[in-house]
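Trainee: Sequence plus the predicted model coming up.
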Amino acid sequence: MSKKSKKFRVLKWIGLTLITLILLIVGFGVWFMSLIPSSDKTIKNTTVNDLTYLTENRILKDRGKILTVVTSIDSMGISGKSTGYELTELSRAYYVFEANGFEVDVASPKGGKAPVVIDDLGPFDYAFLKDEKAKSKINNTLKLTDIKADDYEAIYFVGGKGAMFDFPNNKSIHKIVKNLYENNKVVGAICHGPAALVNVTLNNGFPLIKGKTISSFTNKEELLLIADAKTIFPFLLQDKITAQGANFNEGEMYLNKVSVDKNIVTGQNPWSTWSIAENMIQQLGYKPKTRKITDEENAINVLLQYHKYGKSKAKEMITTMYNNNKPMNRVLFAEHSIVSVMKGEIGDFYNLLGLISFAKKVQENN
């Protein structure tokens, strides 16, 4: 066989191999997308009047005010990457507080319109963006230096990576948090929001969070998304919390985890928002108003079941949920399958693909 023939034969096999790989990848992509339901475009039209959680069985009693605090920072340090506060961490908590009889104020270090990050919106978030009262509050946030702590029953620090830059050393934050905490009022913070608590010193000279059980965005969550986070942020939040003598309570990556230590309530990430807000209501001495659990929360509970007990138990939960007409957001399963690839956990990737496929079949049979 001539050299020319051998070369042609090699090129032929390389070409066929590449074509086969391309077809496999395209086929997998088509199959993968078939597992994910098409988005409900009508959700974008949701208004406050459509939220029965707010409109029905209203709690008319005035239980006081809760201060929510968002960042004023719109870029991540020298990286120049845009940031702000996480809308979902504000909007969902805002409505929980409001539905449970509290008036909600929104403040920021600089006051005025604060920068926002908008991702993965649901009906409550779309309604918030159309809520004229809420819009006025986020476009005209109160300046922290003008806040009187005695006016509030609780404070809630919204996450967003900007909080890492203007929360930790803000003297107004330190003063307000110390006042509320030492008067047995409730202090809440979610995701990067606990950056507000790391430098607070009590009247006894000890750090606020020393010996407390605290959750926040974890090192693993941070570094998976931003490999150079150590150089972008002034510190990694988990490291700082641990250095202050707190007991860091870490849950599964990008899933709900809330820690309650007396009147300090903290959450790990955006998926903890509903839980942290309702736990704050409980710490304020009230039973949270009954709320229909969202499809996202149901998916989160299945993923938690999977990580704790395995695939078969997760499938049992999926079946039970669909049999009881509980909706489930399969997109979250898909997102976590991608996270597993990023982590190099191929076994989890295949297991999660299996759960998505199983959930689709069960839903179609109900």
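Mentor: Looks like it arrived, so ask away. Numbers count the residues shown, from 1 in each chain.
Trainee: which ones are touching the nearest residue to residue 84 once chain neighbours are set aside?
Mentor: Of all residues not flanking residue 84 in the chain, residue 115 sits nearest, at 3.2 Å (C-beta to C-beta, 6 or more residues apart in numbering). Heads up, the C-betas are built off the backbone N, CA and C, glycines and all. For residue 115, the contact set (C-beta atoms under 8 Å, 6 or more residues apart in numbering) comprises 71-74, 82-85, 162.
Trainee: May I ask which of those comes out lowest in pLDDT?
Mentor: Least confident of those in the model: residue 82, at 91.
Trainee: returning to what we had before: could you report the pLDDT at the residue nearest to residue 84?
Mentor: For residue 115, pLDDT reads 96.
Trainee: Roughly how far does it sit from residue 315?
Mentor: Counting by C-beta to C-beta, to the nearest Å, the gap between residue 115 and residue 315 amounts to 42 Å.
Trainee: what do you get for residue 117?
Mentor: In this structure, residue 117 and residue 315 are 34 Å apart, going by C-beta to C-beta.
Trainee: wait, isn't residue 201 in contact with residue 210?
Mentor: No. Using C-beta atoms under 8 Å as the test, residue 201 is too far from residue 210 to be in contact (9.6 Å).
Trainee: for residue 66, which residues make a bridge with it?
Mentor: Beta-bridge partners recorded for residue 66 (DSSP bridges): residue 104, residue 154.
Trainee: residues in contact with it?
Mentor: Counting by C-beta under 8 Å, 6+ apart, residue 66 touches 97, 102-105, 152-156, 280.
Trainee: 7 Å instead, please
Mentor: By C-beta atoms under 7 Å, 6 or more residues apart in numbering, the residues touching residue 66 are 97, 102, 104, 152-154, 156.
Trainee: all helices of the stretch 1-150 of the chain, in order?
Mentor: Listed in chain order, the helices of the stretch 1-150 of the chain (DSSP state H, counting those that start in this stretch) span 3-35, 52-55, 87-99, 123-130, 132-139.
Trainee: which stretch in those helices has the least confidence?
Mentor: Mean pLDDT is lowest for helix 3-35 among these, at a mean of 55.
Trainee: ok, and what's touching stretch 87-95?
Mentor: Contact with stretch 87-95 is made by 54, 68, 70, 104, 116-118, 120-121, 124-125, 128, 134, 156, 158-159, 190-191, 270, 273-274, 277, as judged by C-beta under 7 Å, 6+ apart.
Trainee: Give me the buried subset of these.
Mentor: Buried by 16 or more other C-beta atoms under 10 Å: 54, 68, 70, 104, 116-117, 121, 124-125, 128, 134, 156, 158-159, 190-191, 270, 273-274, 277, out of the contacts of stretch 87-95.
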